[in-house]
Structures are given as structure tokens and as C-alpha cells.
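Enquirer: One predicted model, sequence on top.
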Amino acid sequence: MTNEKFTLKDNEEYIRLCDLLKMTGDFETGGQAKVAIQAGEVLVNGEVCTQRGKKMRRGDKALCAGRVIEVC
């Protein structure tokens, strides 16, 4: 399992889960991320999350395809 950090910009409070997965390269498109999220393939803070619009804030962690992405 690999760990990665995603840093929000100073003026950002959150990033939506589907956008996070797309920006970190887990999926090429938001549509692919949406399908994986709705299929229950993504964990947020240790729990299955099926909300593609889930707001990921600093300290939140997403697990997808063996990678942990922490929002900083």
C-alpha cells in the first residue's frame, strides 16, 4: 500500500472526492471515479463512501486501489 499527500491551496477548504481521485491520477476522468465510488470501491476515513461529491477536508484520507491519499 502506498501513501500520498494532496495539499489544498491556502484558499481551499475542501476538494470533492471524485475530483481528488481524478487529480491524483487514480482515474483519467471524473466519470470513471464516479463509477468506482458508487460501486463502493473507495474508503474515506476507513469507511465505504458512495458519495462522489463528498467534501474531503484537511486530515481526511481516501483509500482506493491500494493507495492512501491524505488531504493536507
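Expert: In hand now; what should we look at? No experiment lies behind these values; they were computed from the predicted model shown.

Enquirer: In this structure, mark out all the helices, start to finish.
Expert: Under the criterion DSSP state H, the chain carries helices at the ranges 17-23, 30-38.

Enquirer: Give me the distance between the shortest one and the centre of its chain.
Expert: So the one you mean is helix 17-23. Distance of helix 17-23 from its chain centroid, counting by CA atoms, centre = their mean, to the nearest Å, is 5 Å.

Enquirer: Could you do the last one as well?
Expert: Its chain's average C-alpha position is 11 Å from that of helix 30-38, according to CA atoms, centre = their mean.

Enquirer: What are the buried residues along that helix?
Expert: Judged by neighbour count using 16 or more other CB atoms under 10 Å, the buried positions of helix 30-38 are Ala33, Lys34, Ala36, Ile37. (C-beta placed from N, C-alpha, C; glycine too.)

Enquirer: that older thread, mind putting the helices of the chain in JSON lines, distance to Gln51 included?
Expert: Shown next, in JSON lines, are the helices of the chain (distance: least, CB to CB, whole Å):
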{"stretch": "helix 17-23", "distance to Gln51": "7"}
{"stretch": "helix 30-38", "distance to Gln51": "7"}
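
Enquirer: Alright, calling it a day.
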